[in-house]
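> Need the 3D shape of this:
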Amino acid sequence: MGAEYSAHGVEANQEPLRRRYQYDAGLQSKVRTPQIEPRAQGNSSYRVKAPSFDGSTPWEDYIVQFDMISELNGWDDKAKALQLAACLRGPAQAVLADLDESKRRAFRSLTEALTQRFGKANQTELYRTLLRNRSRQPGESIPELAHDIRRLLSRAYPNASIEMKKTLAKEHFIDAISNSDSRWKVYQARPKSLEEAVSIAAELEAFTLSEQKKSNQKKFGMRAVFENKEPETVGSAADGLGKSWQLLWPRGFLN
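Predicted coordinates:
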């Protein structure tokens, strides 16, 4: 009887542990762990999704990145063509629609069509026009303007020499300064490079803003003085005039 009771007691003590284990196991079955899909070839690399392309970014830069992603994912030419077609948006997607069915699935034909439409060689005139008409926008900083001048210049004159690009960048930057007085002063300083022109323009702008701030402070101070000064009444003015006569009469100034 004692042995039976002891065995029953042990089993009873183990029952809460068994329930706890079943409860924990149930929770673990409901928790979702992240699933990372390895590459189809079976090595340790993972799939990387290629970014979309709508023609607003340089095509040459995009296709370099796409080729590297293709190599990382192990795509063949057919897969590359399908993946590239899936990434096209807007005007770039229209290029896909203009191709024959066979060329849409051929990576070389698809990239040639996109290069013809969005490549630098076919858009130099567009970028040159943008460069000539570029001017500093409201709220745009001087370094931001210089950066965009460099960007447009590299696309407008892709085959120009380094020295030619430096000269053109400096000239177009000065022309893009919207304030005519500042533009003339930077031009008169005869900067030798774009970096020097940017430095001169930044210093000139800082000086101009400082002077404007000082002028506004002076105007504010003078206005405060006039506002706090009490207006002189007719009676007080007459009293002052009478005192002046009293001072001048004994001294004979009015004889």
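
> now the helices for the stretch 51-200 of the chain?
Secondary structure of the stretch 51-200 of the chain by DSSP state H, counting those that start in this stretch: the helices cover 59-73, 77-87, 90-98, 101-104, 107-118, 124-132, 142-156, 162-176, 180-188, 194-228.

> For residue 49, give me its contacts.
Contacts of residue 49 were listed using Cβ atoms under 8 Å, 6 or more residues apart in numbering, and they are residue 69. Any C-beta I mention is one placed from the backbone N, CA and C, and that applies to glycine too.

> Quick check: which element contains it?
Following DSSP states H and E, one finds residue 49 outside all helices and strands.

> Let me see the backbone angles for it.
Backbone torsions for residue 49, taken as degrees, to the nearest 10, come to phi -80, psi 130.

> any idea how far it lies from residue 70?
12 Å (Cβ to Cβ, to the nearest Å).

> ditto for residue 168
36 Å.

> which of those two has more neighbours?
Each of residue 168 and residue 70 has its neighbours counted (other Cβ atoms under 10 Å); residue 70 has more, 20 against 17.

> Tell me the confidence at the more buried one?
Looking at residue 70, its pLDDT reads 96.

> Pick out the shakiest of the helices of the stretch 51-200 of the chain, pLDDT-wise.
In terms of mean pLDDT, the lowest-scoring of those is helix 194-228 (a mean of 80).

> Now stretch 147-157: buried residues?
148-149, 152-153, 155-157 (16 or more other Cβ atoms under 10 Å).

> Can you give the contact residues for that stretch?
So stretch 147-157 is in contact with 58, 120, 123-124, 127-128, 130-131, 134, 164-165, 168-169, 172-173, 176, 194, going by Cβ under 8 Å, 6+ apart.

> Okay, the nearest residue to residue 90 once chain neighbours are set aside and residue 92: tell me how far apart.
Closest residue in space to residue 90, ignoring its immediate chain neighbours: residue 54 at 3.9 Å, by Cβ to Cβ, 6 or more residues apart in numbering. Going from residue 54 to residue 92 by Cβ to Cβ gives 5 Å.
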